[in-house]
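>>> Okay, sequence plus prediction incoming.
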Amino acid sequence: MTFVSSRYQTANITIALDRKIIDFGTAQQVGQAIGLAVLATIAAAQTNAHGGSLVRGYQAAFLTAIGIAAAAVLIVAVQMRADRAPA
């Protein structure tokens with residue numbers, strides 16, 4: 001019969017939890033990178049379409065980001081109402 005110290009068990013639990021956090025963190029960073037790439041592409045396309053006006057490009061990217069955030073809020077609101085519906 002082998003006995004394992006509580007310190008070793010705690011270390012294993014911490015490593016397991018860290019792996020889950022790393023997986024979430026990685027997904028979050030990839031999502032942020034994709035979002036930034038999309039917004040930068042929109043800004044560049046609008047800047048070029050309006051004769052090099054950075055203001056127009058940044059404005060288009062900012063409004064797109066607002067639209068994405070508003071859509072996310074609506075999705076969350078609908079999901080929260082669905083959870084409250086009586087069974």
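Here it is on my side, so go on.
>>> I'd like to know how far the residue nearest to L39 when sequence neighbours are not counted sits from L74.
Leaving out its chain neighbours, the residue that sits closest to L39 by CB to CB, 6 or more residues apart in numbering is A61, at 4.4 Å. In short, each C-beta sits where N, CA and C put it, glycine included. A61 sits 21 Å away from L74, going by CB to CB, to the nearest Å.
>>> And the two? Which one has more around it.
A61 (21 against 10; other CB atoms under 10 Å).
>>> For that one, give me phi and psi.
The phi/psi pair for A61 (degrees, to the nearest 10) reads phi -70, psi -40.
>>> cool, G51 as well?
phi 70, psi 30.
>>> Report how many residues lie close to it.
7.
>>> Just the local confidence number for Q29, please.
Listed pLDDT for Q29 reads 89.
>>> The one 10 residues further on too?
Among the per-residue scores, L39 holds a pLDDT of 97.
>>> for A82, same thing?
A82 is given a pLDDT of 73.
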